[in-house]
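*Asks:* What follows is a predicted protein model with its sequence.
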Amino acid sequence: MITVKPKYIIPDTNCFLESLDGIQRLSLSPYKVLIPLVVLEEISGLCKSSDKGDRAALALDVVNKLISDKSVSLLTSKGSILESREFKEERTRKSNDDLILNGVLCLSGTTGTTEKIKGTQHITRVVVFLTDDSNLRVKAHSYNLAVQTIADFLICAKL
């Protein structure tokens with residue numbers, strides 16, 4: 001059984017491109033929004049894209065403002081929370097999705113609880129991963145992570 005009590009919200013790259021207004025609403029909510037460094041790198045790279053460049057550039061401007069306002073923080077692939085952009089990229093051979101997922105997994109492992117009650121495992125998650133990528137959601141579910149689309153989370157959180 002998994003119980004979700006959201007405290008940390010971690011959006012994937014697609015959330016910034018498809019629901020920037022939702023990201024802005026989350027930044028004003030009582031939740032702590034954490035942006036994976038890899039997501040920041042992906043958005044920066046997409047600014048050069050012909051089909052997503054304008055949306056990515058707008059998203060990058062909004063993210064930079066939210067970071068400077070301290071409305072959001074950054075998340076490393078090891079689950080560490082950073083308050084500034086001094087450390088801004090991670091190099092590894094893993095895929096970007098795996099790096100993002102690893103950061104969510106590491107933070108979830110240090111902030112949630114797991115206990116066995118009458119032979120049933122009870123997991124409490126305070127980290128919610130937001131993505132519209134169905135394959136990444138399946139992968140996150142396989143690790144017992146709390147994951148939703150940004151639209152569904154905004155509705156559930158009444159934002």
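*Replies:* Received the coordinates, thanks. Numbers count the residues shown, from 1 in each chain.

*Asks:* how about the helices in the protein?
*Replies:* Assigned by DSSP state H, the helices in the chain fall at 13-18, 20-27, 37-46, 53-68, 96-111, 134-142, 150-156.

*Asks:* For the third one, name the packing helices and strands.
*Replies:* So that's helix 37-46. Under the contact criterion of 3 or more Cβ pairs under 8 Å, 6 or more residues apart in numbering; DSSP states H and E, helix 37-46 touches helix 13-18, helix 53-68, strand 72-75, helix 96-111. For every residue, glycine as well, the C-beta is placed using N, CA and C.

*Asks:* what about Gly45, how many neighbours?
*Replies:* 13 (other Cβ atoms under 10 Å).

*Asks:* List the residue ranges of this protein that fall below the pLDDT cut-off.
*Replies:* Across the chain, the ranges flagged by pLDDT under 70 are 85-92.

*Asks:* Name the residue most distant from the centre of it?
*Replies:* Most distant residue from the mean C-alpha position of the chain: Lys118, 33.0 Å away (Cα atoms, centre = their mean).

*Asks:* Against Met1, how distant is that one?
*Replies:* 11 Å (Cβ to Cβ, to the nearest Å).

*Asks:* who's in contact with the residue lying closest to Ser27 once chain neighbours are set aside?
*Replies:* Of all residues not flanking Ser27 in the chain, Ser71 sits nearest, at 4.2 Å (Cβ to Cβ, 6 or more residues apart in numbering). Counting by Cβ atoms under 8 Å, 6 or more residues apart in numbering, Ser71 touches Ser27, Leu28, Val33.

*Asks:* Output the residues you listed in a markdown table; the columns should cover neighbour count and distance to Ala146.
*Replies:* Formatted as a markdown table, the contacts of Ser71 follow (neighbours: other Cβ atoms under 10 Å; distance: Cβ to Cβ, whole Å):
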| residue | neighbour count | distance to Ala146 |
| --- | --- | --- |
| Ser27 | 19 | 19 |
| Leu28 | 11 | 21 |
| Val33 | 20 | 15 |
